[in-house]
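Student: sharing a model that was predicted from the sequence below.
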Amino acid sequence: MMPYVATAFFAAPLPLAFINWHSFFFFLFAAVACGFAVAVVAADNVVRMAFYLVLSLGATAGLFFLAGAEFVGAMQLMIYVGGTLVLLVFGVMLTAQAPFVSIKGNGRDRVVAGVVGIVLLAVLLQAALSVTSWRQPAAGIVAEPAATPIGMALVGVRVDEPGVGAPARNVRPGYVLPFEIVSIHLLVVLVGAAYLARAKRRKTPRAIEVAASVEPPASVAEHAAIGRDRSRGASVLSGGR
Amino acid sequence: MLLGLSFAVPLFGLLTEPVSVAHYLVVGAILFVSGIVCMAIKRNALGVLMGIELVLNGANVNFVAFASPYLQGTGSRSLGLDGQVIAVFVILLAAAEAAVALAITLNFYNNHATVDVDRADDLKG
């Protein structure tokens, strides 16, 4: 009974047996990634933009898995989606006052940016599709997925190209030096970010406190204008005028 | 029969063929252009940051595609581990860049009571 049902199912008008499931999931993830990337551009609300960006970057991690870069995909999910976007969402929460949740640009800038974007996209697509060796169908899965080669390469041992029988100078080195540079860079950046964002003790009240202490404005535009004037008066550069 | 079906339904023809590097390059191009346009038209500083993330991600898609041994046709050689390691480093540097840019944005917000990048004109002559 079951084989008969399965045969009838696969011989149905849409022959599922012929579908390349690797391609199917590629197009699924690609549609989600590109669609939500365009939605990030189209949305005006910054909270929605952050949410669309989470979906777009998560779908890109799926594309990395499909390309055989499991370690990169996992890092994308952990660092990008788990770390960077949480940071961005914190930034959105800390600055999401009503007038700033959706700041609309002017229409002429949007038209110019759209034209430039379409032209740039046309150039990039032409470049991507013009090389025939990039359009050859894929060989398919050729190796067992493993994080060992990239992990060992980061500590300086290449297990993917061991260089057996080759002279010592032909053995390709690992990535210890970039790894160290990046680690020092991350340390410096974190110290710098903590220094920049720390709560300062000031003699003059902060502009945000001045803006909050005035009467509630009648309109959003008026609110923005008040914030602008007060901030001008309180900033260091214009203090001497 | 399969050939006829492929011609009849172009979308289904796409689903039966294996993907190639060019497919990934198209996705990377769309992400990149979205990021560029996002950086150009957003006036919220955090929106500009999100555009930068999209641009870096589009570049990463290209690196991973060229590094992938699955996507190469017969006879051509992939970047191998180099591309994957570059992609990991790009992700790490994007995290660092987001931390610093967010700190700058919060500082700007404290000093100017807004996150509108068009208001950041104190240095204008």
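Tutor: Perfect, I can see it now. Residues are numbered from 1 along each chain as shown, chains lettered A, B, ... in the order given.
Student: A:Ala199 versus A:Gly68, what's the distance?
Tutor: For A:Gly68, the distance to A:Ala199 equals 46 Å [C-beta to C-beta, to the nearest Å]. Using the backbone N, CA and C atoms, a C-beta is placed for each residue, glycine as well.
Student: between the two, tell me which one has more neighbours.
Tutor: Counted by other C-beta atoms under 10 Å in any protein chain shown, A:Gly68 and A:Ala199 do not tie: A:Gly68 has more neighbours, with 20 against 7.
Student: chain neighbours aside, what residue packs nearest to that one?
Tutor: Excluding its sequence neighbours, the residue lying closest to A:Gly68 (C-beta to C-beta, 6 or more residues apart in numbering or on different chains) is B:Tyr70, at 4.5 Å.
Student: what's the burial count for B:Asn110?
Tutor: If we define neighbours as other C-beta under 10 Å, then B:Asn110 has 19 of them.
Student: which ones are touching the residue lying closest to A:Pro173 once chain neighbours are set aside?
Tutor: Of all residues not flanking A:Pro173 in the chain, A:Gly156 sits nearest, at 7.0 Å (C-beta to C-beta, 6+ apart). With contact taken as C-beta atoms under 8 Å, 6 or more residues apart in numbering or on different chains, A:Gly156 is in contact with A:Pro173, A:Gly174, A:Tyr175, A:Val176.
Student: out of these, give me the one that has the most neighbours.
Tutor: Busiest of the contacts of A:Gly156 [other C-beta under 10 Å] is A:Tyr175, holding 21 neighbours.
Student: so what does whichever residue of chain A sits closest to chain B have for phi and psi?
Tutor: The nearest approach of chain A to chain B comes at A:Gln136, 2.6 Å away (C-beta to the nearest C-beta). Dihedral angles phi and psi of A:Gln136 (degrees, to the nearest 10) take the values phi -60, psi 140.
Student: likewise for B:Glu17?
Tutor: According to degrees, to the nearest 10, B:Glu17 has phi -90, psi 150.
Student: isn't it up against A:His22?
Tutor: No - counting by C-beta atoms under 8 Å, B:Glu17 sits too far from A:His22 to count as a contact (10.2 Å).
Student: just the element for the residue nearest to A:Pro173, please.
Tutor: According to DSSP states H and E, A:Gly156 maps onto no helix or strand at all.
Student: what's the spacing between it and A:Thr148?
Tutor: Distance from A:Gly156 to A:Thr148, counting by C-beta to C-beta: 14 Å.
Student: may I have stretch B:116-125 as CSV, with CA atoms only?
Tutor: What follows is stretch B:116-125, C-alpha atoms only, in CSV (Å, rounded to 0.1, in the frame of the first residue of the first chain):
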residue,chain,number,x,y,z
ASP,B,116,19.0,62.3,12.6
VAL,B,117,22.3,62.2,10.7
ASP,B,118,21.3,65.4,8.9
ARG,B,119,21.6,67.3,12.2
ALA,B,120,25.3,66.3,12.5
ASP,B,121,26.5,69.5,10.9
ASP,B,122,28.5,71.1,13.7
LEU,B,123,31.7,71.0,11.6
LYS,B,124,30.0,72.6,8.6
GLY,B,125,31.9,75.7,7.5
